[in-house]
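*Asks:* got a predicted structure here, sequence first:
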Amino acid sequence: MSDLAWLTVAEAAELLRARKLSPVEYSKFLIDRIERHDAKLNAFLRFTPDLALADARRAEAEIMRGEWRGPFHGMPYGLKDIVDYAGLPTTAHSKILRENVATADSVVTQKLRAAGGVFMGKLSTHEFAIGGPSFDLPWPPARNPWNRDHFSGGSSSGSGGATAAGFLPAAIGTDTGGSVRNPAAMCGVVGMKPTYGVVSRRGVLPLAFSLDHVGTLTRTARDSALMLDLIAGHDPLDPGSSARATGGYTAEIGRSVKGLKVGLIRHFYARDMEADPEMTAGIDTAARKLAELGAEVREIETAPLGEYVACNRTILTSEAYAIHEKWMRERPQDYGALARERLMAGAFVRAADYVNATRLRRKMTGAFHALFSDIDVAVTASSMDTACRIDDPKALEHTYARQARAPFNVTGSPALSEPVGFSKAGLPLAMQIVGKPFNEALIYRVAHAYEQATRWAERHPAL
Amino acid sequence: MADDDLTLDDVRKMAMEVGMTRLGDEHLQQLLRATRAARARRASLSGANLGPADEPAHVFRLDAESGL
């Protein structure tokens, strides 16, 4: 049953619930697939088949007793290795935290465990969610399943790679300047960064407190919605957590996009920064597809991309340096070169510049969200380029900054990276769908309608 | 000090002042590049549009109505 590799969460959940698929069989199939192929992809930093089989056996016994917990019961998943799983190291892919054993689950882990999920292991990341892909770390960087000479995006690089490779139907990532949506775009999967505060960050190693989001990587929008339903919710012990009620993210899936107003932020990828022509064509074609499906698509303007990025990077590097200052003083040699240089950028940011960035953030956020009085969702680029070669430092440095994701960490808006086809070289193309705060359900409606009309999710890499 | 004028000796002194005393030459070169890049970014922060009463987003929270 090679198709087990490509079951969506929704499909697998139905089979598991109906007892047509055993959680143990499903997990064993994926364990075997990972053991055969991950040596060339490095999606897993710590593969835990024994834990997976224990979870799967427990799920199987419960389902057989008629105690079905819901759509994640018996479902394999993985965690980016900055997310705590009690008893296992949370390394952040860094020598510095190699022995950092988590004493408790993160809130996200607790929720997936309570839902009956099958934990398969910890997934590769860029060092401290900022430095990568790097070859000077204790573990190798994740590679792209569509072409393993290319990188898989980051920093949730293993989460994107494992999902695209058919190792897992779903994975957890984190996003501070685009780190869920980048690997989603590079690997041709769906990456959701929900509204700031919707998912608890407790038990997740921070990169920049006010910009960090926990998100999902899956192969379809419906699966992302199912997973977000599980992990969202108020956490009084997370200072950034929203008190608003969450859930109902699948509620609009299946509804038409007819009559929805879609604002295309074309200046991000056509004027402020010129995307690769194939990427531009992919996004423009996707926008036309939404129009064919009945949406009213028109171009809209917001602040220049460079202003958002400067705001994001000033806040990000300042907050990140505050977290890393002690290690940067005591153990600078233990960082990989990329993480060290990117984190050092915050060492001498003036206090006034940081405060002014947060003042600008407030203004830009208000102005951006005001656009939603005339539109339902916005569409723009995720990455400007397809995945470059993993062994080309100049190309990696060039493409690292060529993205339109950071604006939505600044505004805290929900934003989803959605596959829109492939380049001539066979690498994934992607667009981003952005919504009003707390309106993830509408994003999923648009993404699902697009998926049904295009079927990109049915194409898979040959390993 | 203009961004382009920042030298390796400058960042070495700056690093010492904030307790980064264990940086090797390669690390200091990285710090120089990173600091120059961070200062260059300052030009893209459009502070001219800020009025005296524009508050920071110190505790960043969202609600559906205002976006803040």
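*Replies:* Okay, I see it.

*Asks:* give me the most central residue, chain B.
*Replies:* B:Ala38 (4.8 Å; CA atoms, centre = their mean).

*Asks:* secondary structure element holding it?
*Replies:* helix B:25-42 (DSSP states H and E).

*Asks:* pLDDT below threshold where in chain B?
*Replies:* B:1-4, B:58-68 (pLDDT under 70).

*Asks:* spell out which residues of the stretch 151-300 of chain A are next to chain B.
*Replies:* A:195-197, A:210, A:239-240, A:242, A:244 (CB under 8 Å from any CB of the partner chain). Bear in mind the C-beta positions are built from the backbone N, C-alpha and C, glycine included.

*Asks:* these: which two are farthest apart?
*Replies:* A:Ser210 and A:Arg244 (18.0 Å; CB to CB).

*Asks:* which other residues reach the helix holding B:Ala38?
*Replies:* A:310, A:313-314, A:317, A:332-333, A:337, A:340-342, A:344-350, A:353, B:3-4, B:6-8, B:11-12, B:14-15, B:20, B:23 (CB atoms under 8 Å, 6 or more residues apart in numbering or on different chains).

*Asks:* redo that, cut-off 6 Å
*Replies:* The contact list for helix B:25-42 (CB atoms under 6 Å, 6 or more residues apart in numbering or on different chains) reads A:310, A:313, A:332, A:340-341, A:344-345, A:348-349, A:353, B:3, B:6, B:8, B:11-12.

*Asks:* so which of those residues is the closest to A:Ala13?
*Replies:* A:Arg313 (39.7 Å).

*Asks:* which residues of the stretch 301-450 of chain A fall in helices?
*Replies:* A:305-330, A:337-344, A:351-370, A:393-400, A:406-410, A:440-454 (DSSP state H, counting those that start in this stretch).

*Asks:* is chain B within reach of the longest one?
*Replies:* Pointing back at helix A:305-330 there. Yes. Helix A:305-330 lies within reach of chain B by CB under 6 Å from any CB of the partner chain, at A:306-307, A:310, A:313, A:329.

*Asks:* just give me the neighbour total for A:Gly259.
*Replies:* 9 (other CB atoms under 10 Å in any protein chain shown).

*Asks:* which residue is the nearest non-sequential neighbour of it?
*Replies:* Nearest non-adjacent residue to A:Gly259, counting by CB to CB, 6 or more residues apart in numbering or on different chains: A:Gly294, 6.4 Å away.

*Asks:* give me the number of residues near the one you found?
*Replies:* Counted with other CB under 10 Å, A:Gly294 comes out at 12.

*Asks:* how close does whatever residue of the stretch 301-450 of chain A ends up closest to chain B get to A:Ser382?
*Replies:* Using CB to the nearest CB, the closest approach of the stretch 301-450 of chain A to chain B is made by A:His369 at 3.0 Å. Distance from A:His369 to A:Ser382, counting by CB to CB, to the nearest Å: 20 Å.

*Asks:* likewise for A:Ile315?
*Replies:* For A:Ile315, the distance to A:Ser382 - CB to CB - is 21 Å.

*Asks:* which residues of chain B lie near chain A?
*Replies:* B:19-20, B:22-23, B:27, B:30-31, B:34-35, B:38, B:41-42, B:44-47, B:50, B:54, B:56-57, B:60, B:62, B:64, B:67-68.

*Asks:* list phi and psi for A:Ser134.
*Replies:* phi -130, psi 150 (degrees, to the nearest 10).

*Asks:* on that earlier part again, can you get me a residue count around the residue of the stretch 301-450 of chain A closest to chain B?
*Replies:* Number of residues near A:His369 (other CB under 10 Å) recorded here: 20.

*Asks:* what do you get for A:Leu463?
*Replies:* For A:Leu463, using other CB under 10 Å, the count is 15.

*Asks:* if I pick it, what's in contact with it?
*Replies:* A:His37.

*Asks:* what about it, distance to A:Arg58?
*Replies:* For A:Leu463, the distance to A:Arg58 - CB to CB - is 29 Å.

*Asks:* could you check how far A:Ser94 is from chain B?
*Replies:* According to CB to the nearest CB, to the nearest Å, A:Ser94 and chain B sit 16 Å apart.

*Asks:* out of everything not next to it in sequence, what's closest to that residue?
*Replies:* Nearest non-adjacent residue to A:Ser94 (CB to CB, 6+ apart): A:Glu127, at 4.8 Å.
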